[in-house]
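1. Dropping a prediction and its sequence here:
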Amino acid sequence: MEAKDFIALQIKSAHSLMNSAIENTPQEMVNRKVGDDANTIAAAYAHTIGAEDYFIQTAIFGKPRLWESVWQAKLGITAQIGRDWAVNIPDLAAFREYAAAVMTAAEAYVETLTPAELDREVAVFGNMRPVSRVLVSISTHGCGHAGEIAGLKGAMGVKGLPF
């Protein structure tokens, strides 16, 4: 298996896990706190999607995130997506459209990877990292927060993951 195929599998698997965690989440649970120290589902989900948008669009492509270029105005959320842990998502279905756009962009990008692209250094929060490391971060970061969302759902009395 080529490295690009393995990374594509990782990214798609992380997306699948996140989609499994977030689907069937009742809107009334999205912004609910389950304890003083726990994130909301909205915070974990927005953070994960906003970070992936940053990694692909800004760090790798050098462009504004899809959030700034299209989705912030469309969804009317003024919070700093990805960094604002107090964010509220008033319409989860609409926010999931943004998430789908971010995931589609990432999956399309990884299909184009070459060994040279995987080694290319990009700036991530002021530090230089190879693209391969950024892509692994997207995968592990997404899986971690998918588990967090599943746990939050469980704490609110619904099944977190469908399996």
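-> Perfect, thanks for sending it.

2. Correct me if wrong: Ala79 contacts Ile89.
-> No. Ala79 is beyond contact range of Ile89, at 9.1 Å (criterion: CB atoms under 8 Å). Just so you know, the C-beta spots here come from the backbone N, C-alpha and C atoms, and that holds for glycine as well.

3. which neighbours do these two share?
-> Common neighbours of Ala79 and Ile89 (criterion: CB atoms under 8 Å, 6 or more residues apart in numbering): Ala46.

4. Okay, Arg83 and Thr114: tell me how far apart.
-> In this structure, Arg83 and Thr114 are 32 Å apart, going by CB to CB, to the nearest Å.

5. quick one on the thing from earlier: looking at Ala79 and Ile89, which is more packed in?
-> Ile89 (23 against 17; other CB atoms under 10 Å).

6. Identify the residue spatially nearest to the more buried one, adjacent ones excluded.
-> Residue nearest to Ile89 in three dimensions, not counting chain neighbours: Ala42, with 4.2 Å by CB to CB, 6 or more residues apart in numbering.

7. Just say helix, strand or coil for the one you found.
-> helix (DSSP: H, G, I helix; E, B strand; the rest coil).

8. For it, the count of nearby residues, please.
-> What Ala42 shows, counting by other CB under 10 Å, is a neighbour count of 26.

9. ditto for Ala3
-> Using other CB under 10 Å, Ala3 has 13 other residues around it.

10. residues touching it, list them.
-> Applying CB under 8 Å, 6+ apart, the residues contacting Ala3 are 113, 115, 118, 132.

11. redo that, cut-off 7 Å
-> 115, 118 (CB atoms under 7 Å, 6 or more residues apart in numbering).

12. Which parts of the chain are strands?
-> 121-124, 127-130 (DSSP state E).

13. mind listing what the first one pairs with, with the direction of each?
-> Based on DSSP bridges, the pairing partners of strand 121-124 within the sheet are strand 127-130 (antiparallel).

14. hang on, Asn88 packs against Asn31?
-> Yes. Counting by CB atoms under 7 Å, Asn88 touches Asn31, with 4.7 Å between them.

15. okay, and the common contacts of these two?
-> Common neighbours of Asn88 and Asn31 (CB under 7 Å, 6+ apart) are Ala42.

16. Just want to know which of these two has more residues nearby.
-> A direct count of neighbours by other CB under 10 Å for Asn88 and Asn31 places Asn31 higher, at 16 against 13.

17. Surely the more buried one and Ala86 touch.
-> No. The pair Asn31 and Ala86 fails to qualify as a contact (CB under 7 Å) at a distance of 9.7 Å.
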